[in-house]
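Participant: missing the sequence, but the structure's below:
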């Protein structure tokens, strides 16, 4: 009878610990704080000298020692990877089965080297898997009971229940951390989108003597890598550019802002579009992230002579829409995109824009727009959509935007879409 009462009292103390950790699930909102609290309760309730928590790395599916403690406020976070099936923790993880080890050194599965490295002497072990939604998400372990030589079987049942509640607590906080991370990303993307929108809203001066420019930009995601800019160096020298940064998201948006800023300095001192691309390429070489690049078309308009000089760094060739409404592709020399390799030589072509003619530049978000039949707006199809008499550059821009939307239909926009239309008075 006395033994039964003692056993019940011991079980009651363990299950009080379960109530305590259940309360923590609803009160602790910091992930690191929860892990420390889990170990503190485990060590205190089981009256153990030490406790450790192993969690599964979701990317490598490896078991890692995430945090351990040997006393009050004495925590270490070694992030040690445990080989599959090795040691007590590795065995529990591999077999999804709890273990009671009365004598650690008598068990062949015990990894004795850990004691030799730390100076800690392990006598007895309780080790249980953390189970959540049918998966083992980690392993909880306590070492060496304080008031007896070894843990007993009556300790194991309560400890396993404690491990199950711990798994729920950890996964709840992980889900909360993921939600917080998504919120932070969403806030960053919203801010980046706003900044990008402001940059592009200022990319074309309101009044350009002798010339007219309009643009359209729709990123495929919150932020994009397409951009354009018009820079009036003097009343008779107007530079313009349209560009497409490889990739999408924040990295593309940052490179877009960097390149747009660099263009303003380059266009202030360059001798022409080809020279401008050479300078931009050398500037970006030292700053660009490996694997990224920028395709761009740079042009210079001289209103007094109606001359337009063009140079391309791997960008889509532009289209001329004549005053009679006919449309034709402008054939220009093209070289490597910016940022791929140093010392690239860019060539220059020129055309003369007659009164009423307009130059249409765009990114591959237009030419590669896909219909529900997986058709792209290449070549004849694009020329057909852009052709037609127009009273203004804005009319041509709007015609193309509407044509792309009709072509894509209900399909997803896969790439950023940017159009720049310009003409001379």
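Facilitator: Happy to help now that I have it. Quick caveat, the model's predicted, so the values are computed rather than measured.

Participant: any stretches of the stretch 251-400 of the chain with poor pLDDT?
Facilitator: The model of the stretch 251-400 of the chain has pLDDT under 70 over residues 379.

Participant: the strands in it, which residues?
Facilitator: For the stretch 251-400 of the chain, applying DSSP state E, counting those that start in this stretch gives strands covering 294-302, 307-313, 319-321, 327-329, 334-335, 349-352, 358-362.

Participant: now mean neighbour count and distance to residue 195 too, for the ones you listed, in TSV please.
Facilitator: Where you see a C-beta, it was placed from the backbone N, CA and C, and this is true even at glycine. Below are the strands of the stretch 251-400 of the chain laid out as TSV (neighbours: other Cβ atoms under 10 Å; distance: least, Cβ to Cβ, whole Å):
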stretch	mean neighbour count	distance to residue 195
strand 294-302	26	18
strand 307-313	23	25
strand 319-321	21	31
strand 327-329	15	34
strand 334-335	18	31
strand 349-352	16	34
strand 358-362	26	23
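
Participant: export these as TSV, with columns for distance to residue 268.
Facilitator: Formatted as TSV, those follow (distance: least, Cβ to Cβ, whole Å):
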stretch	distance to residue 268
strand 294-302	13
strand 307-313	17
strand 319-321	28
strand 327-329	31
strand 334-335	23
strand 349-352	22
strand 358-362	21
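
Participant: so which of those is nearest residue 186?
Facilitator: Taking Cβ to Cβ, strand 294-302 is the member of the strands of the stretch 251-400 of the chain nearest to residue 186, at 26.6 Å.

Participant: what helices and strands are in contact with the closest one?
Facilitator: The contact analysis (3 or more Cβ pairs under 8 Å, 6 or more residues apart in numbering; DSSP states H and E) places strand 294-302 against strand 237-245, helix 249-267, helix 273-285, strand 307-313, strand 358-362.

Participant: indicate which one of the strands of the stretch 251-400 of the chain is closest to residue 101.
Facilitator: Between residue 101 and the strands of the stretch 251-400 of the chain, the tightest spacing by Cβ to Cβ is seen for strand 294-302, at 60.8 Å.

Participant: how far off centre is that closest one?
Facilitator: Relative to its chain's centre, strand 294-302 lies at 30 Å (Cα atoms, centre = their mean, to the nearest Å).

Participant: pretty sure residue 288 is touching residue 255, no?
Facilitator: Yes. Using Cβ atoms under 8 Å, residue 288 is in contact with residue 255, at 6.7 Å.

Participant: mind checking how far residue 372 is from residue 412?
Facilitator: According to Cβ to Cβ, to the nearest Å, residue 372 and residue 412 sit 10 Å apart.

Participant: and those two? Which one has more around it.
Facilitator: Neighbour comparison, residue 372 and residue 412: the larger count goes to residue 372, with 10 against 7 (by other Cβ atoms under 10 Å).

Participant: residue 409 is in contact with that one, correct?
Facilitator: Yes. Applying Cβ under 8 Å, one finds residue 372 in contact with residue 409, separated by 5.3 Å.

Participant: next up, the contacts around the residue lying closest to residue 311 once chain neighbours are set aside.
Facilitator: Using Cβ to Cβ, 6 or more residues apart in numbering and skipping residues adjacent in sequence, the residue nearest residue 311 is residue 273, 3.7 Å away. Residues in contact with residue 273 (Cβ atoms under 8 Å, 6 or more residues apart in numbering) are 239, 298-300, 309-311, 346, 348.

Participant: from residue 48, how far out is residue 273?
Facilitator: 74 Å.

Participant: could you do residue 418 as well?
Facilitator: 63 Å.

Participant: ok, residue 164 next?
Facilitator: According to Cβ to Cβ, residue 164 and residue 48 sit 18 Å apart.

Participant: check contacts around the residue nearest to residue 411 when sequence neighbours are not counted.
Facilitator: Distance criterion Cβ to Cβ, 6+ apart; nearest residue to residue 411, sequence neighbours excluded, is residue 372 at 5.5 Å. Contacts for residue 372 (Cβ under 8 Å, 6+ apart) come out as 409-411.

Participant: over to residue 268?
Facilitator: Residue 268 is in contact with 231, 233, counting by Cβ under 8 Å, 6+ apart.

Participant: what of residue 223?
Facilitator: Contacts here follow Cβ under 8 Å, 6+ apart; on that basis residue 223 touches 189, 192-193, 196, 248-250, 252-253.

Participant: buried subset of the residues you listed?
Facilitator: Buried members of the contacts of residue 223, scored by 16 or more other Cβ atoms under 10 Å, are 189, 192-193, 196, 248-249, 252-253.

Participant: looking at those, which one is closest to residue 323?
Facilitator: Distance to residue 323 across the buried ones among the contacts of residue 223 (Cβ to Cβ) is lowest for residue 196, with 34.6 Å.

Participant: show me what the helix or strand that contains that closest one is packed up against.
Facilitator: For residue 196, the element it lies in under DSSP states H and E is helix 153-201. Counting contacts by 3+ Cβ pairs under 8 Å, 6+ apart, helix 153-201 packs against helix 2-27, helix 31-45, strand 99-101, strand 125-132, strand 135-145, strand 226-234, helix 249-267.

Participant: one more time with 6 Å
Facilitator: Using 3 or more Cβ pairs under 6 Å, 6 or more residues apart in numbering; DSSP states H and E as the contact criterion, the elements in contact with helix 153-201 are helix 2-27, helix 31-45, strand 125-132, strand 135-145, helix 249-267.

Participant: contacting residues for the closest residue to residue 82 other than its chain neighbours?
Facilitator: For residue 82, the nearest residue in space outside its immediate sequence neighbours is residue 63; the separation is 4.3 Å by Cβ to Cβ, 6+ apart. For residue 63, the contact set (Cβ atoms under 6 Å, 6 or more residues apart in numbering) comprises 54, 56, 82, 93.
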